[in-house]
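A.B. asks: Give me coordinates for this.
(2 chains)
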Amino acid sequence: MTAIDLDATSPKHLADKYAIVGVGETEYMRGNGSGRTTRALGVQAIRAAMNDAGLKPGDIDGMLSYSGNDSTFSTFMAGDLGIRLNFYMDVHGGGSSTEALVGIAIGVIEAGLCKTVAIYRAMNGFSQVRIGGTGARSAAPINGDQLHARAYGWQSAGQMFAPTFMRHMHDYGTKPEQVAMVKVIHSEHASNNPKALYKKRMTVDDVLNSRMICKPLHLLDCCVETDNGNCIIVTSADRARDCKHHPVLIRSVVGRCCKPRIDMHYQHGPISTVAGHYAKDILFPNADVKPEDIDITGSYDAFTFTTMLQLEDYGFCKKGEGPTYVSDGTMRLGGKRPNNTSGGHLCEGYTHGIAMVIENVRQLRHDVDDSCPIGPDGKRQHTYDYREGGCRQVKDVELSANLGWAMPGTGSSMIMRRA
Amino acid sequence: MSQTIAKPIPVPDEITAPFFDGARASKLMLQHCAACDSWSFPVRERCPHCFSGTLQWRQASGRGTLYTFAIMHQVMNPGFASSVPYNVSQIDLEEGVRMVANVVGVANDALRIGMKLEAIFEDVGETVRIPKFRPAVG
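C.D. replies: As a prediction, this is how the structure comes out:
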């Protein structure tokens, strides 16, 4: 144990004290949609995570979820699973929630409210509530905070974020073909992920030739909205030792760290700087590691360029060098620091960030669910051959960083390590 | 039979009414703090710089530069179906605040960050006008 772990004057004393012991999910669905309730999707995902950890209903006594008023509350999930809760909370929010809720789970366990917390996101993000504020919501009269946005045709996430991308292009000479490489690389990773919705490998031309959604964003710069349920289970490192898998420990967490003026983030320039600029000063000191120590990243790819902005502002490269970082092969499987090895939101499916945490947990177990053969000991025999349809396990991975994103102004993040 | 769906229309309230009253008279009205001599936007009850309650409505210059923009091709709101492709832009006003609006009177592909703009006013409904911007004349 390093000296910093004994420093109880800051959150550093919690590093490695808690673990993620179970992960689980449903399929990722589009087309006709799931045809199921968010309740059913959530129950399936939580049950899968419990089985993954080797935990019974009586072992789970805490529950957390996040939604945009488009899901089912913890109380219903717990009832269906035979879980009696000592603590639960269902919070509002999307992309910056998973890591923040891990922090809340650590806090409530530390405070003695409960012992083991299941965190889930269950959504029909394709067949029921789309993110763009379309449908009945678009006709409503405008008041309050939307006064100066919707009247001008400014309402969806892509529309809201695209001006940030445009300004980054102006400030740093960023080219759409460089940013398109995020989709190319994530699609390569997805091709080695049997559960990814879009497994086809894409090219830069595929991205640039796809139809324009809101310039500079093409269709293939945007993630794929899906129906799905996902769950992770947090408990103490002590309890983790009794669970099924090699423990994955939580080094540090940042929850919904903000830029100034997140009410209208465009008011506080430069808008091409995002919340990670502030979050990094909590994330790395509390984990007692530096960006260069991180082996893999899970960067929120609601859009190609959101991945770039986060990697830049968290310090994985210098500000303005994001376009090179995301296009030079660094974040490819086999590269120096692979990003979103599942294919992420651009290819695997859209989960508001939780699936990228699940992927990194599996990576840190050295047991990612690719197509490599299962050996006589029941463990997957990874080949580290990253060609299409092959392996996606990163060799000897020890440290991961997840970079969650709600919008340019708000982010959450987490560093995990293999015990 | 096709039906034209209207664009969403702002509903002024007691605090934003002076902004929209000004727009009806083709004036860009913004809040200015008498205590710390600074402008602010969007509309609020107290000065965000010094929290003084002495915000007063003043006519702003309407002049600014284009800070950034994006061009909307996908129809996310049926009210804008006949408007695509249109731009949503952010404009740095001389007064030091940044507004969101559409820039009109110029082709989308001629928009350039840093270009000089000036406010104009367009009707959106029977009683509401909103500021937009166009390339500055002269």
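A.B. asks: alpha carbons only for contacts and neighbour counts from here, please
C.D. replies: OK.
A.B. asks: tell me which element A:I213 falls in.
C.D. replies: Using DSSP states H and E, A:I213 maps to strand A:212-215.
A.B. asks: Now do whatever helix or strand comes next after that strand: distance to the chain's middle.
C.D. replies: Downstream of strand A:212-215, the first helix or strand assigned by DSSP H and E is strand A:217-218. Relative to its chain's centre, strand A:217-218 lies at 21 Å (Cα atoms, centre = their mean, to the nearest Å).
A.B. asks: strands paired with strand A:217-218, and their directions?
C.D. replies: When pairing is defined by DSSP bridges, strand A:217-218 lines up against strand A:212-215 (antiparallel).
A.B. asks: Kindly report the residues of chain B close to chain A.
C.D. replies: B:6-13, B:42, B:67-74, B:76-80, B:88-90, B:97-102, B:113 (Cα under 8 Å from any Cα of the partner chain).
A.B. asks: For PyMOL, what selects the buried ones among these?
C.D. replies: Filtering those down to the buried ones (16 or more other Cα atoms under 10 Å in any protein chain shown) takes a single PyMOL command:
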select buried, chain B and resi 7+8+9+10+12+42+67+68+69+70+71+72+73+74+76+77+78+79+80+88+89+90+97+98+99+100+101+102+113
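A.B. asks: Narrow the residues of chain B next to chain A to those in strands?
C.D. replies: Of the residues of chain B next to chain A, the ones assigned to strands by DSSP state E are B:67-72, B:88-90, B:98-101.
A.B. asks: List just the nearest of these to A:M89.
C.D. replies: B:V100 (36.0 Å; Cα to Cα).
A.B. asks: Please name the residues that touch the residue nearest to that closest one when sequence neighbours are not counted.
C.D. replies: Of all residues not flanking B:V100 in the chain, B:Q90 sits nearest, at 4.6 Å (Cα to Cα, 6 or more residues apart in numbering or on different chains). By Cα atoms under 8 Å, 6 or more residues apart in numbering or on different chains, the contact set of B:Q90 is A:266, B:66-69, B:98-101.
A.B. asks: For the residue of the stretch 1-150 of chain A found nearest chain B, the count of nearby residues, please.
C.D. replies: Of all residues in the stretch 1-150 of chain A, A:I142 sits closest to chain B, with a separation of 4.5 Å (Cα to the nearest Cα). Residues near A:I142, counting by other Cα atoms under 10 Å in any protein chain shown, number 18.
A.B. asks: same question, B:P131
C.D. replies: As a burial measure, B:P131 scores 27 neighbours (other Cα under 10 Å).
A.B. asks: With A:Y18 instead?
C.D. replies: 27.
A.B. asks: Kindly reformat the ones in strands among the residues of chain B next to chain A as CSV containing pLDDT.
C.D. replies: Formatted as CSV, those follow (pLDDT from 0 to 100):
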residue, pLDDT
B:Y67, 97
B:T68, 97
B:F69, 97
B:A70, 98
B:I71, 98
B:M72, 97
B:V88, 97
B:S89, 97
B:Q90, 96
B:R98, 93
B:M99, 94
B:V100, 94
B:A101, 96
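A.B. asks: Out of these, name the two that are farthest from one another.
C.D. replies: Taking Cα to Cα, no two of these sit farther apart than B:M72 and B:R98, at 20.0 Å.
A.B. asks: for residue 121, what are its contacts?
C.D. replies: Unless you meant another one, I'm taking chain A. Contact analysis of A:R121 by Cα under 8 Å, 6+ apart lists A:42, A:65-67, A:71, A:229-231, A:351-352, A:354.
A.B. asks: wrong chain, I was asking about chain B
C.D. replies: Taking Cα under 8 Å, 6+ apart, we find B:F121 in contact with B:23-24, B:26, B:129-133.
A.B. asks: Likewise for A:G82?
C.D. replies: When contacts are counted by Cα under 8 Å, 6+ apart, A:G82 touches A:57-58.
A.B. asks: Appreciated, that's everything.
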